[in-house]
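Student: build me a structure from this.
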Amino acid sequence: MALVFSANLISSYYGNREAADSAYDRLLLASASAIAERMAVREKGLWVDIPYAALNMLASTAQDRVFYGISAPDGTVVTGYEDLPSPPSSAHVVNPSKPLFYDAVYKGAPVRVVSLRAFVIGNTLSGFASIRVAQTRGEREALALSLLKQSAIWTLVIAVSGGIAVWLGISRGLRPLDRLGEALGRRSPDDVRPVLHDVPAEFKPLVAAINSMLMRIDDGISAMRRFISDASHQLKTPLAGLQVQTEMALREKDPDNILDSLDKINVSVKRTGRLAKQLLSHARAVEPSRGFKGVDLARMARETVSLMTPQALSRGIDLGYEGVDTAIVSGDATLLGEMIMNLIDNALRYPPRGALVTLTVTSGENPVLTVDDSGPGIPPDNRKEVFERFVRLQDTPQEGCGLGLAIVQEIGTAHHARVSLEDSPSGGLRVLIEFPHAEKSVS
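Tutor: Have a look, this model is predicted:
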């Protein structure tokens, strides 16, 4: 507003100055015209009878001075000030009889000058005589500044009124935000309920964004609480068993019994380590990174098969890959690798020796990852519950945590993929994961 008002005052000043010039130029022209009417050609040349009123009308204030000069057609100065500033060259060429106004500096003061040419004719000479009348700019500047002062007063009134109105409007308009801030400040760190305060329409997007953030915080807190609860519940038993086995080993005196106890402790440590790893994997799957990018699912499947081959050979299982060379999906490479590793680990854990486990990746309209095994499979009635955490089928001899398929489901959901279980053509279980298509290059 200050910049606009300053520009407005500058513009007003020059506009007022033009208005003052327009008013006083009429007096200058009237004075020059009165002098032109009293010119005549006599025997000795051009004669001028300057009327008193012609110059008196310009000297209305003590601060202004008036100058004049009259020249004959041949340029000779008849009367007045000889050094009075002349008009710009060729100014009267287009219309010699038209008056010309211009600004100049005379005797150290800025002046406004009118130049008027009047045609005279007589026995001794004929042509255009020149009349120049000049007036200092004191009265003009005073009038311009007076008008500017009035404009500045009104501008200041408008600025102050506008400032007060804006201050009151913003204070009143932001009052709901103050109440909202106070309400949020009174909440405890655990209170992540949505904000239901009534706010103006302009602030509703802000409240919606706050509620969305609170929902994400609530999801994160809930996931953290679930992880803490699961970890404390699941790790309590194996850690207690480790303590008991360690105490028994310390009491043993027979070296063979000590070695047997150490073998049991080693098995328990491996089981507990796997449980901790599964719990961490599940926690990462629940809250995945949102920075998804293009990942080559086929290449990742081949690399994971190569990594898990020694484990498959140790169990006498034929592990292999079939499918396309490239299949691009949008996702998190770490989580997808964890998902494929859990699928292979499950497939290697339950089939007997000599079984087949095959990973297949197809790239059609939607990339599909398939894991087939020739193991015992899962009955159709139990295929829904095995995706829940810590659920294991009865009469399952192999060790496990009941988190493998839960992790696969969580990672699939995070990647908008559909996870399903079917009967495998090889007689066991088929895990089928269908991804949405992603036209992105591998980074």
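Student: quick one: list the elements packing against the longest strand seen in the chain.
Tutor: Using DSSP state E to define each element, the chain has its longest strand at strand 109-121. With contacts defined as 3 or more CB pairs under 8 Å, 6 or more residues apart in numbering; DSSP states H and E, strand 109-121 has these neighbours: helix 2-37, strand 39-42, strand 100-106, strand 126-136. Quick note: C-beta positions are derived from backbone N, CA and C, even for glycine.
Student: which residues in the stretch 201-350 of the chain form helices?
Tutor: 204-251, 255-286, 297-314, 333-349 (DSSP state H, counting those that start in this stretch).
Student: residues in contact with the last one?
Tutor: It refers to helix 333-349. The contact list for helix 333-349, computed with CB atoms under 8 Å, 6 or more residues apart in numbering, reads 281, 284-285, 288-289, 295, 297, 300-301, 304-305, 307-308, 311-312, 315, 317, 319, 329, 357, 359, 369, 371, 373, 375, 398, 400, 404-405, 407-408, 411-412, 414-415, 429, 431, 433.
Student: which stretches of the stretch 51-200 of the chain form helices?
Tutor: Under DSSP H, counting those that start in this stretch, the stretch 51-200 of the chain gives helices at 52-56, 138-173, 175-186.
Student: in CSV: those, plus mean pLDDT and distance to A30.
Tutor: Shown next, in CSV, are the helices of the stretch 51-200 of the chain (pLDDT from 0 to 100; distance: least, CB to CB, whole Å):
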stretch, mean pLDDT, distance to A30
helix 52-56, 71, 8
helix 138-173, 87, 15
helix 175-186, 82, 64
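Student: between those helices, which gets nearest to V419?
Tutor: helix 175-186 (39.0 Å; CB to CB).
Student: ok, residues contacting that closest one?
Tutor: For helix 175-186, contacts defined as CB under 8 Å, 6+ apart pick out 195, 197-200, 203, 207, 210.
Student: buried ones among these?
Tutor: Buried members of those, scored by 16 or more other CB atoms under 10 Å, are 203, 207, 210.
Student: is it possible to export the residues you listed to a markdown table including distance to A36 and pLDDT?
Tutor: Shown next, in a markdown table, are the buried ones among the contacts of helix 175-186 (distance: CB to CB, whole Å; pLDDT from 0 to 100):
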| residue | distance to A36 | pLDDT |
| --- | --- | --- |
| F203 | 74 | 80 |
| V207 | 80 | 85 |
| I210 | 82 | 87 |
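Student: ok so, going back, and the contacts of helix 175-186, which is closest to V160?
Tutor: For these, the nearest to V160 is P200 (26.5 Å; CB to CB).
Student: I'd assumed G173 was in contact with the closest one.
Tutor: Yes - applying CB atoms under 8 Å, one finds P200 in contact with G173, separated by 6.8 Å.
Student: report the set of residues contacting both of these two.
Tutor: Contact criterion CB under 8 Å, 6+ apart; residues shared by P200 and G173: none found.
Student: okay, and the helix or strand of this protein with the least pLDDT?
Tutor: Taking mean pLDDT, DSSP states H and E as the measure, helix 52-56 is the helix or strand of the chain with the lowest mean score, a mean of 71.
Student: related to what we said a few turns ago, as TSV, the helices of the stretch 51-200 of the chain with distance to L46 would be great.
Tutor: Formatted as TSV, the helices of the stretch 51-200 of the chain follow (distance: least, CB to CB, whole Å):
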stretch	distance to L46
helix 52-56	17
helix 138-173	31
helix 175-186	83
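Student: what's across from V361 in the sheet?
Tutor: Residues in a beta bridge with V361, per DSSP bridges, are G323, L369.
Student: enumerate every residue touching it.
Tutor: Residues in contact with V361 (CB under 8 Å, 6+ apart) are 297-298, 301, 321, 323-324, 327, 367-370.
Student: just the buried ones out of those residues, please.
Tutor: Buried by 16+ other CB under 10 Å: 297-298, 301, 323, 327, 367-370, out of the contacts of V361.
Student: and the helices of the stretch 201-350 of the chain, which is most packed in?
Tutor: helix 333-349 (a mean of 21; mean count of other CB atoms under 10 Å).
Student: tell me how far that helix is from the chain's mean position?
Tutor: Taking CA atoms, centre = their mean, to the nearest Å, one finds the center of helix 333-349 at 40 Å from the center of the full chain.
Student: same thing with stretch 190-208?
Tutor: Going by CA atoms, centre = their mean, where stretch 190-208 is centred and where its chain is centred differ by 21 Å.
Student: what's near enough to touch R112?
Tutor: R112 touches 21, 24-25, 28, 101-103, 134-137, 140, counting by CB under 8 Å, 6+ apart.
Student: what's the closest of the residues you listed to A118?
Tutor: The closest of these, once distances to A118 are taken by CB to CB, is L28, at 15.0 Å.
Student: contacting residues for the spatially closest residue to that closest one that is not a sequence neighbour?
Tutor: Nearest residue to L28 in three dimensions, chain neighbours excluded: V114, at 4.1 Å (CB to CB, 6 or more residues apart in numbering). With contact taken as CB under 8 Å, 6+ apart, V114 is in contact with 25, 28-29, 31-32, 99-101, 132-134.
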